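*Asks:* This is the structure alone, sequence omitted:
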């Protein structure tokens, strides 16, 4: 089991697999050499045996064997003759000759063999005769058909292996046996040498195979380690190219791939960072869902818009939470995403959601992107526009109704009554003046909105302008027993602005203070300088403004008390115009108030002309 585990572990290595292949190839080649070589050796010994029989037989024929030898001649030739022509197989136990009388053999097998030099014949005659006739197909064919063929065929007999060779002479059969034991020592020595050669070859193939496989696997291992470093983000290391073969080309290609991969990843990372930066800092919210409906990305804007700490909720749950009435399947599989949009009303915000399907290179859907746009300001502006139109219509309708009714009354005969006519015409004139002021203010706002206002920019004393405005409203303030005072704080430089428009702003603020301050009230005006701005602050102890209305007092036609404001002759556009003028000069206007305690409005203007609001083409 241990060896099996070790072998399995080794076979997992390409290097050791190559070594094993070298060893198997070596063993296979040695076997392929051994098998034919062994056969060649056997054939060589058989051919030697055959040649020796043929050469020896010639000698025997010349000396003893006649054309038709008798049994006595054979015995004399093989058994009794001595001297120079003594047969060599008498000296070796692995060579033998057996003489067979063909006729006698056919009649009686036991009497057919009349001579044999084989040791087995001398020990067990009957067993020897049975053995050769049982194993020799060639001998049986000769006796039966008179045909035989000497072949290189190893016969396996009773406990021994041998080759046979037959010579016929008249009625005599000479059966020669060459026992394989005669060259077994040589064969065994050959086997031993061959096994030693195999072992040496295996060891050499192991060493050479390991060394050769190292040249193949070492660059591959280096490439593998480099691939691991690349996977970890290290692209700086370059592999050394040590050859121009396939391994060298692989190394060059890998270095090139690593370089291009680094460049591509840097480019992808750069693009990814750009996209993430865009998504993170864009004002629109973006949420991406995959085909399973899971949220895979949500930028910070989407979290702020929806008021969710974790916007990674499933799409269908997202749809139900905000009453979108749209499902993932409807968009993906029915293809109804184009033009699909929904409005979301959450926590006082108005959000418009757009749906789009994103696809892969094969145009196969991969998910949905939801783009969220905060349209709260647009909704507010739309509401303000609607209110503006309604207010304009209402403001125009009221004086027109009065003029119409009084005119019809006069036409119906009231014109004959002079007192009534004068009273009616006074009302008509007053309503016409009111309409004139309203249209004038609307035209001024329109010019401000469209940057068509003609500005007369010049230097003047801001202190004189404010004091002049205070004097103009002094009589109206006295009529209500107001204490109207002005104070100059420090040295105030001249400013560059449109004097008439700035006076309009100051008069509007002072007029409102007088109007909305009850009799015996107090109005204080402060003129000062702060850094690079001059300012005028108007503070009164009048009726004040509720906190909920402060943020809207600069809206057009907005009145805290509509009925009372209209009675005082206001159009509801004064503060809106004032704000537009101040901001066009690069200044600011602010208000602080407490209901029942009074109001404080401060206007700041830059000393020098700025680029905001007032453009050169609008300066006259």
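*Replies:* Sure thing, it's come through. No experiment lies behind these values; they were computed from the predicted model shown.
*Asks:* and residue 490, which of the three is it?
*Replies:* Secondary structure assignment for residue 490 (DSSP: H, G, I helix; E, B strand; the rest coil): coil.
*Asks:* That one and residue 527: what is the separation?
*Replies:* With distances taken as CB to CB, to the nearest Å, residue 490 is found 9 Å from residue 527. Using the backbone N, CA and C atoms, a C-beta is placed for each residue, glycine as well.
*Asks:* which intervals of the stretch 151-300 of the chain have sub-threshold pLDDT?
*Replies:* Residues of the stretch 151-300 of the chain meeting the criterion pLDDT under 70: 158-159, 182-185, 233, 235-237, 240-246.
*Asks:* For this protein, which helix or strand comes out least confident on mean pLDDT?
*Replies:* helix 562-567 (a mean of 49; mean pLDDT, DSSP states H and E).
*Asks:* After it, which helix or strand is next? Please name it.
*Replies:* helix 574-584 (DSSP states H and E).
*Asks:* can you pull the buried residues of that next one?
*Replies:* By neighbour count with 16 or more other CB atoms under 10 Å, helix 574-584 contains the buried residues 574-582, 584.
*Asks:* ok so, going back, looking at residue 490 and residue 527, which one has more neighbours?
*Replies:* Between residue 490 and residue 527, residue 527 has the larger neighbour count (other CB atoms under 10 Å), namely 20 against 8.
*Asks:* and the more buried one, what does it touch?
*Replies:* Neighbouring residues of residue 527 by CB atoms under 8 Å, 6 or more residues apart in numbering: 462-463, 466-467, 486-489, 492, 534-536.
*Asks:* how many other residues sit next to the closest residue to it other than its chain neighbours?
*Replies:* Distance criterion CB to CB, 6 or more residues apart in numbering; nearest residue to residue 527, sequence neighbours excluded, is residue 488 at 4.8 Å. A count of nearby residues for residue 488, using other CB under 10 Å, gives 15.
*Asks:* and residue 488, what pLDDT?
*Replies:* Residue 488 is assigned 92 on the pLDDT scale.
*Asks:* That one is in contact with residue 462, isn't it?
*Replies:* No - taking CB atoms under 8 Å as the definition, residue 488 is not a contact partner of residue 462, at 9.8 Å.
*Asks:* now the strands for the stretch 51-200 of the chain?
*Replies:* In the stretch 51-200 of the chain, the segments counted as strands under DSSP state E, counting those that start in this stretch are 95-101, 113-116, 155-156, 161-169, 172-179.
*Asks:* and the longest one, which strands flank it?
*Replies:* For strand 161-169, the pairing partners within the sheet under DSSP bridges are strand 155-156 (antiparallel), strand 172-179 (antiparallel).
*Asks:* Out of these, which is the most enclosed?
*Replies:* Mean neighbour counts were taken over the strands paired with strand 161-169 using mean count of other CB atoms under 10 Å, and the top value, a mean of 22, falls to strand 172-179.
*Asks:* and the angle for that one with strand 95-101?
*Replies:* 160 degrees (axes from the mean of the first three to the mean of the last three CA atoms, to 10 degrees).
*Asks:* Surely residue 605 is within a helix?
*Replies:* No - counting by three-state DSSP, residue 605 is not part of a helix but strand.
*Asks:* The nearest residue to it once chain neighbours are set aside - how many residues pack around it?
*Replies:* Spatially, and ignoring its direct neighbours in sequence, residue 605 is nearest to residue 587 (4.1 Å; CB to CB, 6+ apart). The tally of other residues near residue 587 (other CB under 10 Å) stands at 23.
*Asks:* what's the answer for residue 209, then?
*Replies:* 22.
*Asks:* repeat for the one 4 residues further on
*Replies:* When counting by other CB under 10 Å, one arrives at 20 neighbours for residue 213.
*Asks:* SS state for it?
*Replies:* helix.
*Asks:* That one reaches residue 20, doesn't it?
*Replies:* No - assessed by CB under 8 Å, residue 213 is found out of contact with residue 20, at 9.8 Å.
*Asks:* Can you show me the strands along the stretch 451-600 of the chain?
*Replies:* Under DSSP E, counting those that start in this stretch, the stretch 451-600 of the chain gives strands at 457-460, 483-488, 495-498, 522-530, 533-540, 588-594, 598-606.
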